[in-house]
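Asker: Quick one, fold the following:
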Amino acid sequence: METDNFEIKENPVVDDAEAEMLDRAEVLQVLIRQPGWKYLEHFIANNIRAFTNKAIKEGFDDMGDYQFERGKVHGFSSLLAQVEDSIESANAIKNAKKPAA
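Answerer: Numbering: from 1, shown residues only. The predicted structure follows:
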């Protein structure tokens, strides 16, 4: 059975993207260790909780108010997800590059 021999070539675009992702994750890891990050997390959680409570218990009289508050909560949630995803992706890259033991 014959197999093709092939060479794996480095892709500078992928390497640049990975380096950028690792740099971003490093900065974000420093950020999340700061006391201000905990404040921001609590602020976002309180806003989400307040929106949910108002929507369930009181409702919104105006659909515009509802859409505005919903958009705000969505933005906050997206911010947290972006930070977590960046750090997780960087960790996955680091783990993939580690030599097998």
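Asker: List the contacts of the most centrally placed residue in the chain.
Answerer: In the chain, the residue lying closest to the centroid (C-alpha atoms, centre = their mean) is residue 82, at 2.0 Å. The contact partners of residue 82, by C-beta atoms under 8 Å, 6 or more residues apart in numbering, come to none. Glycine gets a C-beta too; all of them are placed from N, C-alpha and C.
Asker: Report the buried residues of the one helix or strand it maps to.
Answerer: Of the helices and strands defined by DSSP states H and E, residue 82 is found in helix 63-97. Of the residues in helix 63-97, those with enough neighbours to count as buried (16 or more other C-beta atoms under 10 Å) are 69, 73, 76, 83, 86, 87, 90.
Asker: next one: stretch 21-31
Answerer: For stretch 21-31, the neighbour count (16+ other C-beta under 10 Å) marks 21, 22, 24, 25, 28 as buried.
Asker: pretty sure the third one is touching residue 89, no?
Answerer: What it means is residue 24. No: using C-beta atoms under 8 Å, residue 24 makes no contact with residue 89, being 9.2 Å away.
Asker: Look up phi and psi at residue 62.
Answerer: Dihedral pair for residue 62: phi -110, psi 130, per degrees, to the nearest 10.
Asker: What number of residues are in the vicinity of it?
Answerer: Residue 62 is flanked by 8 other residues according to other C-beta atoms under 10 Å.
Asker: Number the chain from 57, please
Answerer: New numbering, starting at 57: the last item is residue 118.
Asker: Got the confidence number for residue 135?
Answerer: Model confidence at residue 135, given as pLDDT, is 93.
Asker: wouldn't it be in contact with residue 103 here?
Answerer: No: look at residue 135 against residue 103 with C-beta under 8 Å: they stay out of range, at 11.3 Å.
Asker: and the helix or strand of the chain with the lowest mean pLDDT, how far out from the chain's middle?
Answerer: For the chain, counting by mean pLDDT, DSSP states H and E, helix 68-88 ranks last in confidence among helices and strands (a mean of 82). Centroid separation for helix 68-88 versus its chain: 12 Å, with C-alpha atoms, centre = their mean, to the nearest Å.
Asker: Going toward the C-terminus from it, what's the next helix or strand?
Answerer: Tracing the chain past helix 68-88, the next element assigned as helix or strand by DSSP H and E is helix 91-109.
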